[in-house]
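Undergrad: I would like to see how this sequence folds:
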Amino acid sequence: MRKQQKHQWGSAIVLITAMALIAGGCGPRGPRGPQQMGPPEVSVITIKTERLALTTELPGRTASYRVAQIRPQVNGLILKRAFKEGSDVKAGDLLYQIDPAQYQAAYDQAKAAVAMAEANLPAFRAREARFKELVADHAVGQQDYDDAVAALRRMEAQLDVSKAAMKSTKINLSYTPIKAPIPGRIGRSSVTEGALVTAYQPVPLATIQQIDPIYVDVAQSTAELLRLKRSLANGQLKRDEKQQNKVTIIQGDGTPFPLEGTLEFSDITVDPTTGSVILRVVVPNPDGALLPGMFVRAVLKEGINEQAILVPQQAVNRTQNGAPFVWIVDQAGQAVMRMLTLDRAIKDKWFISSGLAIGDQVIVEGIQRLRPGTPVKVVPHNAKAAEPRAEKQMKGGR
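TA: All right, here's what the predicted structure looks like:
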C-alpha cells in the first residue's frame, strides 16, 4: 500500500514539473516567431569620369624593309662566290665574280678605237682650216672645202661613236663583279662556282633582305577607321600628338617587343575581299628578333578620352536577348535596372559609351536577390572588399 502511494506521489511531482515548464514557456517571453529579414546588402561604386588613353589591337605581319633579288646583268661563267649564306652583307660587298676576260677585251678594243679617232682628228681639223683660207683666195674650189668639212665632221662623229662604245663596254665590264645593292641578310645561293649565268635571268642568284628596321603591315577595317574619324571629329577623342604615331608590337607568344614602332602611313586602297586598309609600321629590329613573314599584333593609339566611364565587368549583366545592363541604386534607395551601350573591355572593366552618368551608384556585388524596386542597404564596394581581409588579419594575429 505504501509502495503504491509513493508511486502516485512521484507521478504527481513529474506532472507538476512539466506543467510548470509549459507555463514558463507560454508566459510573456513566449516562443520566438520567424525572424524578419532586412533589405539585402549590396556593394556599390559611385560613377566618376577619368582620363583614358584608348588603343586598338590589330593583327599584322612583318615584311622586309627592303628586298633585293640578285641577278646577273651580263652573260658569263661564275668564277667565285664571295659571301657566306645567311650572313649579313653591306652595300657594295662583292657577292659573285663573273669571268671578265671577254668584257675586258671588248673594253680595250673600244678604248683603242677612241685613241685612233683622237689621233686622226687634229689632221682633219688642220685640213679644214687650210681649205677655209684657200677657198677665200679662190686657190681651191668650194667643193674641195666642203669635202674637207664633211671629212672633219665624220671623224668627230666617229670619235663620239668610239667613246660611246668604250663606255658601253666599260659598263659591261663593271657588271662582272656582282655587288650587294643594299645592306641586309643574304639567303642561300642558287648557283656555285662554274655555273653559267645569263643576263636578267628569271631565277635570282640570291636574295638580300634588310630587316633592321622592319615593316609591320597591319589590317584595319574601314568600319573601325570611320568610327575613329567620327570620334575625333565630334570631340570624344583627342589626339596625343607626342605619342600618337607610336605603336607597340605584341609577338606571337604574347610578349611585347621591347622597341616601339612608328606608324609611317595608311594606305588609301581598300581590299575588296576583306574590306580593310593596310597601315604600315616601321619597327627598329637591331637584333633581328623579328623575321619577315611573322604574325604579330600591333597596339595602335587612338586618342585620349577625357570623360571616360569605366565599370567592373562583374557589375555588368545581360538580358535574355544579350543586351547589357547594370543595377543602380536610385534616390529612393531601391534597385533599378539601367541599360548600357558598351564600347570595349579595358582589362577587367567595361568602357561605357552611354547609359551611365556621373554620381550613379552601380551595384557590383549582391545582385542575386534583386528585383526592380527592391529596397537595398548600400555599402561601398571597397569597404566590403576590405572586410574579409581584416578578418583574415585578425585570425592570423590570434
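Undergrad: For the longest helix along the chain, which helices and strands make contact with it?
TA: For the chain, the helix that runs over the most residues, judged by DSSP state H, is helix 101-136. Packing partners of helix 101-136 (3 or more Cβ pairs under 8 Å, 6 or more residues apart in numbering; DSSP states H and E): helix 142-174. (Each C-beta comes from the backbone N, C-alpha and C, glycine too.)
Undergrad: List the contacts of the first helix or strand past the helix it packs on going along the chain.
TA: Tracing the chain C-terminally past helix 142-174 and defining elements by DSSP states H and E, one meets strand 177-179 next. Residues outside strand 177-179 that contact it (Cβ atoms under 8 Å, 6 or more residues apart in numbering): 70, 72, 92-98, 100, 205.
Undergrad: Can you list the buried residues in strand 177-179?
TA: With burial defined by 16 or more other Cβ atoms under 10 Å, the residues of strand 177-179 counted as buried are 178-179.
Undergrad: what helices or strands is the following helix or strand past it leaning on?
TA: Sequence-wise, the next helix or strand downstream of strand 177-179 (DSSP H and E) is strand 184-186. Packing contacts for strand 184-186, counted by 3+ Cβ pairs under 8 Å, 6+ apart, involve strand 50-70, strand 88-89, strand 206-221.
Undergrad: related to what we said a few turns ago, and the contacts of strand 177-179, which are buried?
TA: Buried by 16+ other Cβ under 10 Å: 70, 72, 95-98, 100, 205, out of those.
Undergrad: hmm, back to that, any idea which of the helices and strands packed on strand 184-186 is most buried?
TA: Using mean count of other Cβ atoms under 10 Å, the stretch among these with the greatest mean number of neighbours is strand 206-221 (a mean of 20).
Undergrad: gap between the residue nearest the centre of the chain and Lys349?
TA: In the chain, the C-alpha closest to the average C-alpha coordinate belongs to Ala298, at a distance of 2.5 Å (Cα atoms, centre = their mean). Look at Ala298 and Lys349: by Cβ to Cβ, to the nearest Å, they are 23 Å apart.
Undergrad: Ok, Ala123 next?
TA: Between Ala123 and Lys349 the computed distance is 95 Å (Cβ to Cβ).
Undergrad: what secondary structure does the closest residue to Pro40 other than its chain neighbours sit in?
TA: Nearest residue to Pro40 in three dimensions, chain neighbours excluded: Arg369, at 4.7 Å (Cβ to Cβ, 6 or more residues apart in numbering). Secondary structure state of Arg369, per DSSP: H, G, I helix; E, B strand; the rest coil, is coil.
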